[in-house]
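A.B. asks: here's a sequence, model it:
(one chain, ligands or ions: 2)
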Amino acid sequence: MFFKTCFYDYRMLIGLVGKPSVGKSTFFKAATLAEVEIAPYPFTTIKPNHGVGYVRVDCIDKEFNTQCNPNHGFCINHQRFVPIDLLDVAGLVPGASEGKGLGNQFLDDLREADVFIHIVDMSGTTDEEGKATENYDVSRDVLFLEDELNKWYHNIFLKVWKSFARKTEIENINFAQAVLKQFSGLKVNEEQIKKVLRDLNLSQKPNQWTENEVKKFTSELRRESKPMIIAANKIDTPKGKENYEKLVKRFPDLIIIPCSADSELALREAAKANMIEYIPGDKDFKIIGNINEAQEEALRKIKKNVLHVFETGTGVQAVLNKAVFELLGYLAIFPAGATKLKDSKGRILPDCFLLPPESTAIDFAYYLHTDFGKNFIRAIDARTKKTLGRDYKLKNRDALEIVSR
Ligand SMILES: Nc1nc2c(ncn2[C@@H]2O[C@H](COP(=O)(O)OP(=O)(O)OP(=O)(O)O)[C@@H](O)[C@H]2O)c(=O)[nH]1
Ligand SMILES: [Mg+2]
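C.D. replies: Ligands and ions are numbered 1, 2, ... in the order given. So this is what the prediction gives:
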């Protein structure tokens, strides 16, 4: 069970990471439409930008032949946009863990992240420090960033490790507790620590681990608690597609989505100015307002070079969706009365919540309110009107009523 206490105000946090000048702030701006600085030189961003972005869910209102009124987010053409928090931070350079660039203090800003989006520049025109170059091997960025993040965890771990190294006998239970304490604030949970210990099949005596085993442990814990998806950005540039294809070949096990944050930003701004009709994540748009020739040409290029080339449109919405629903396996759940879809204020299907994988009906009840959890009687599926027990495993896009005493 996930929600023993309360998660009501909790919102998923997605951290945007990568070396300088790859387009982190552009991605952030495209996803949030917040005003942030964007510029073609390294370390444009120093202080983190925090904003609200959205994941896109096929709204269930269509199935009920109605139009929802979201409390949070919005719904266009029965596509529901559910809020998530986004954090855009300063660029990370190789050697950050030893203090290079801006060092890795800003990783502290990312402690609370549930998942990372690694923005990688596919143009091949920025070097490892974000400065202009040519024919840069983009796969190097994937390797160095993982390495820096792992070192971050490793350094935190070493602090607790020293106290263990002196003891002769430690039980794994105490060890897990001590690691948990050391990583508190980093959204690492005990289950993840135990899973890593199990998966790596390391010796029962952590104080006897070799340096290599310690590294394996910290890297795996990082992967488990801060999973990462890659946004292969600047796909619209001349070498973009070629470098993206190389990257996919080189790292077949990673989730890599082609992306053009710049194109998405242009489309969202044009939509906001009522020049076009565009639903984030779509592969097309329609011109509806007055636009000049230059604007029309820019939009035509986006269509030809990005939207019509890649399955996932500009990739920005696809990256957010894949991070939340594929990588983390979260479920979008709609609270819905079995006999009426309106809340007390007359709003139809006002909420859609994101719950972790494996969540059950009782978890959902606790998520809504501790009292619903404590006094849970049953759940009802609003589509089929069937009764569901406390252990019913939630499915994505479930519409449920919780009945409590
Ligand atoms: N062609 C192209 N250029 C892009 C794209 N995304 C961002 N850029 C450009 O890349 C440059 C850097 O963008 P930023 O968003 O400031 O990059 P950043 O990663 O936030 O950089 P730092 O804050 O310095 O770490 C700017 O000139 C952007 O216009 C894209 O999808 N395509
Ligand atoms: Mg920036």
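
A.B. asks: got the residues of this structure near ligand 1?
C.D. replies: Proximity of the chain to ligand 1, by Cβ under 6 Å from any ligand atom, involves residues 18, 20-26, 38-40, 42-45, 90-91, 130, 233-234, 236-237, 260-262. For the C-beta atoms, the positions are set from N, CA and C on the backbone; glycine is no exception.

A.B. asks: filter the residues you listed down to the buried ones.
C.D. replies: Burial of the residues of the chain next to ligand 1 was assessed by neighbour count (16 or more other Cβ atoms under 10 Å); the buried members are 18, 20-26, 38, 42, 44-45, 90-91, 130, 233-234, 236-237, 260-262.

A.B. asks: for the residue nearest to residue 134 when sequence neighbours are not counted, what are its contacts?
C.D. replies: Closest residue to residue 134 apart from its sequence neighbours, by Cβ to Cβ, 6 or more residues apart in numbering: residue 125 at 6.3 Å. By Cβ atoms under 8 Å, 6 or more residues apart in numbering, residue 125 lies in contact with 132-134, 136, 237, 239.

A.B. asks: not counting its neighbours along the chain, what's nearest whatever residue of the stretch 201-350 of the chain ends up closest to ligand 1?
C.D. replies: Residue nearest to ligand 1 within the stretch 201-350 of the chain: residue 262 (3.3 Å; Cβ to the nearest ligand atom). Closest residue to residue 262 apart from its sequence neighbours, by Cβ to Cβ, 6+ apart: residue 26 at 5.7 Å.

A.B. asks: was I right about the one you found contacting residue 263?
C.D. replies: No: in this structure, residue 26 is not within contact of residue 263 by Cβ atoms under 8 Å, at 9.8 Å.

A.B. asks: that older thread, how much space between the residue nearest to residue 262 and residue 129?
C.D. replies: For residue 26, the distance to residue 129 equals 18 Å [Cβ to Cβ, to the nearest Å].

A.B. asks: element containing the residue in the stretch 51-200 of the chain positioned nearest to ligand 1, please.
C.D. replies: In the stretch 51-200 of the chain, the residue found nearest to ligand 1 is residue 91; the distance is 3.0 Å by Cβ to the nearest ligand atom. In the assignment (DSSP states H and E), residue 91 maps to no helix and no strand.

A.B. asks: next, the contact list for it, please.
C.D. replies: So residue 91 contacts 18-22, 24, 42-43, 45, 101-102, 130 (Cβ under 8 Å, 6+ apart).

A.B. asks: does residue 339 lie in a helix or a strand, and which?
C.D. replies: Counting by DSSP H and E, residue 339 is part of no helix or strand.

A.B. asks: what's the neighbour count on it?
C.D. replies: Burial measure for residue 339: 9 neighbouring residues, criterion other Cβ atoms under 10 Å.

A.B. asks: what does residue 390 give?
C.D. replies: 16.

A.B. asks: quick one: it from residue 379, how far?
C.D. replies: 8 Å.

A.B. asks: identify the contacts common to the two.
C.D. replies: 361, 365.

A.B. asks: helices - which of the contacts of residue 91 land there?
C.D. replies: residue 24 (DSSP state H).

A.B. asks: now, among the contacts of residue 91, which is nearest to residue 342?
C.D. replies: residue 24 (40.8 Å; Cβ to Cβ).

A.B. asks: pretty sure that closest one is in contact with residue 30, am I right?
C.D. replies: No: Residue 24 lies out of contact with residue 30 (Cβ under 8 Å); the separation is 10.9 Å.

A.B. asks: if we can go back for a sec, let me have the contacts of residue 125 in JSON lines, adding secondary structure as columns.
C.D. replies: Formatted as JSON lines, these follow (DSSP: H, G, I helix; E, B strand; the rest coil):
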{"residue": "132", "secondary structure": "strand"}
{"residue": "133", "secondary structure": "coil"}
{"residue": "134", "secondary structure": "coil"}
{"residue": "136", "secondary structure": "coil"}
{"residue": "237", "secondary structure": "coil"}
{"residue": "239", "secondary structure": "coil"}
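
A.B. asks: which one of those residues sits closest to residue 299?
C.D. replies: residue 237 (17.7 Å).

A.B. asks: on that earlier part again, can I take it that the residue nearest to residue 262 is in a helix?
C.D. replies: Yes: judged by three-state DSSP, residue 26 forms part of a helix.

A.B. asks: what's the pLDDT at it?
C.D. replies: You'll see residue 26 listed with a pLDDT of 98.

A.B. asks: report the contact partners of it.
C.D. replies: So residue 26 contacts 38, 233, 261-262, 265 (Cβ under 8 Å, 6+ apart).

A.B. asks: same thing but at 10 Å, please
C.D. replies: 16, 36, 38, 88, 119, 233-234, 260-265, 316 (Cβ atoms under 10 Å, 6 or more residues apart in numbering).

A.B. asks: ok, residue 305 next?
C.D. replies: Neighbours of residue 305 in contact, by Cβ under 10 Å, 6+ apart: 235-238, 240-241, 260, 263.
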